[in-house]
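In: Sequence first, then the predicted structure, then my questions.
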Amino acid sequence: MVTSRANEIKLISGGSHPDLSAKVADRLGIKITSTLSLNYSNLETSVTIGESVRDDDVYILQSTAPGSVNDGLMELLIMIHACRTASARSITAVIPNYPYARQDKKDKSRAPISARLIANMLQSAGASHVITMDLHASQIQGFFNVPVDNLFAEPSVLRWIKENLDADNCVIVSPDAGGAKRATSLADRLNIGFALIHKERPRPNVVGRMVLVGDVKGKVAILVDDMADTCGTLAKAAATVKENGAKEVYAIVTHGILSGPAIETINNSCLSGLVVTNIGDKIERCPKLRVIDISGTLAESFWHPSMCTFHNK
């Protein structure tokens with residue numbers, strides 16, 4: 001019988017998701033690698049890895065720091081580079097919420113493709129593998145020259161709906177045309193109806209007129225999207241489906257960014273509940289928030305020979 005190989009798996013937690021990292025580590029039966037991350041008086045970030053990672057397979061769980069996307073990104077890049085210079089065997093960046101994902105194409109003259117820039121930075125820092133969840137645009141995977149695993153929260157969302165709502169009396173609603181594929185996939189899995197909202201944006205993060213296409217009368221409408229930022233879209237979409245006869249309205253999103261006036265907007269909306277994954281960090285500030293734990297999905301994406309036992313025949 002051959003047991004584990006010499007190299008080990010190491011999980012490093014950034015400052016963005018300490019609770020999520022702890023749950024992933026618990027599911028894997030390992031401890032989080034000790035690190036020291038601090039900011040100097042001039043706000044430079046300093047990271048020190050507290051134990052050897054030489055010839056180990058390192059997973060760094062980090063995406064956007066609370067209140068600052070750029071600080072979280074910089075901490076991630078420095079952690080990756082620190083592990084690279086410490087001779088780690090492989091470095092996997094586990095980024096549940098990929099930063100700058102909405103800037104995935106050149107939509108006007110002289111506009112940057114910032115999502116591609118982030119991919120270049122991650123690879124230059126030393127990432128040999130990237131794991132993310134519900135990318136805003138799946139083509140971002142093509143920006144990398146290293147393997148990228150785009151995980152999906154859909155199985156967890158399906159389970160939440162079946163356990164908390166009467167699925168047969170629900171209808172899935174996409175708040176915009178871009179999310180139609182995601183919403184129809186969920187509706188097909190539940191074998192229920194689907195509706196779509198057409199929206200006009202006069203400028204970024206501002207939603208104009210909304211038109212509902214589909215029937216929601218007397219149903220529990222479930223708005224499905226990949227992220228909730230300022231929540232203006234969700235609030236207006238909820239009002240639109242309510243005006244069209246929906247009995248109750250829920251919203252389910254993977255990334256609860258909840259920036260700016262989002263909490264106040266949700267609290268004042270006609271939404272009965274906003275369901276987010278535990279990637280976010282503002283749960284206690286909004287009584288309407290419901291949380292789905294996705295640590296199991298992330299843990300399953302970690303594979304290492306030390307977790308298995310091989311038998312020679």
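Out: That came in fine, so what should we check first? Remember, predicted model here, so these are calculated numbers, not experimental data.

In: Quickly list the domain ranges of this protein.
Out: As recorded under automatic domain parsing, the domains making up the chain are 9-152+296-307, 154-293.

In: could the ones you listed go into CSV alongside mean neighbour count?
Out: Bear in mind the C-beta positions are built from the backbone N, C-alpha and C, glycine included. Listed next are these as CSV, based on neighbours: other C-beta atoms under 10 Å:
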stretch, mean neighbour count
domain 9-152+296-307, 18
domain 154-293, 18
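
In: Please tabulate those domains in JSON lines, including the columns mean pLDDT.
Out: Below are the domains of the chain laid out as JSON lines (pLDDT from 0 to 100):
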{"stretch": "domain 9-152+296-307", "mean pLDDT": "92"}
{"stretch": "domain 154-293", "mean pLDDT": "89"}
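
In: all strands for this protein, in order.
Out: 9-13, 35-39, 45-49, 57-61, 90-95, 129-133, 148-151, 170-174, 193-199, 210-213, 220-228, 248-256, 273-277, 289-292 (DSSP state E).

In: Could you export these to TSV, including columns for distance to Ile113?
Out: As requested, the strands of the chain are exported to TSV (distance: least, C-beta to C-beta, whole Å):
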stretch	distance to Ile113
strand 9-13	29
strand 35-39	29
strand 45-49	25
strand 57-61	24
strand 90-95	18
strand 129-133	17
strand 148-151	16
strand 170-174	25
strand 193-199	24
strand 210-213	29
strand 220-228	19
strand 248-256	20
strand 273-277	27
strand 289-292	31
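
In: To Glu163, which of these lies closest?
Out: Smallest distance to Glu163 across those (C-beta to C-beta): 10.4 Å, for strand 289-292.

In: How about residues contacting that closest one?
Out: By C-beta atoms under 8 Å, 6 or more residues apart in numbering, the surrounding residues in contact with strand 289-292 are 153, 156-157, 160, 164, 256, 266, 273-278, 282-283.

In: from the chain's centre, how far out does it sit?
Out: 14 Å (C-alpha atoms, centre = their mean, to the nearest Å).

In: now swap in stretch 159-166 and tell me
Out: Using C-alpha atoms, centre = their mean, the offset of stretch 159-166 from its chain centre is 21 Å.

In: go on, stretch 39-59?
Out: Distance of stretch 39-59 from the chain centroid (C-alpha atoms, centre = their mean) equals 23 Å.

In: Do me a favour and get the end-to-end distance for that stretch?
Out: Using C-alpha to C-alpha, to the nearest Å, the end-to-end distance of stretch 39-59 comes to 22 Å.

In: closest one to Arg27 among the strands of the chain?
Out: Minimum separation from Arg27 across these (C-beta to C-beta) falls at strand 9-13, 10.6 Å.

In: residues touching the closest residue to Ala180 other than its chain neighbours, list them.
Out: In this structure, Ala180 finds its nearest non-sequential neighbour in Ser174, 4.8 Å apart by C-beta to C-beta, 6 or more residues apart in numbering. Contact analysis of Ser174 by C-beta under 8 Å, 6+ apart lists Ala180, Arg182, Ala183, Thr184, Phe194, Ala195, Leu196, Ile197, Leu223, Val224, Asp225.
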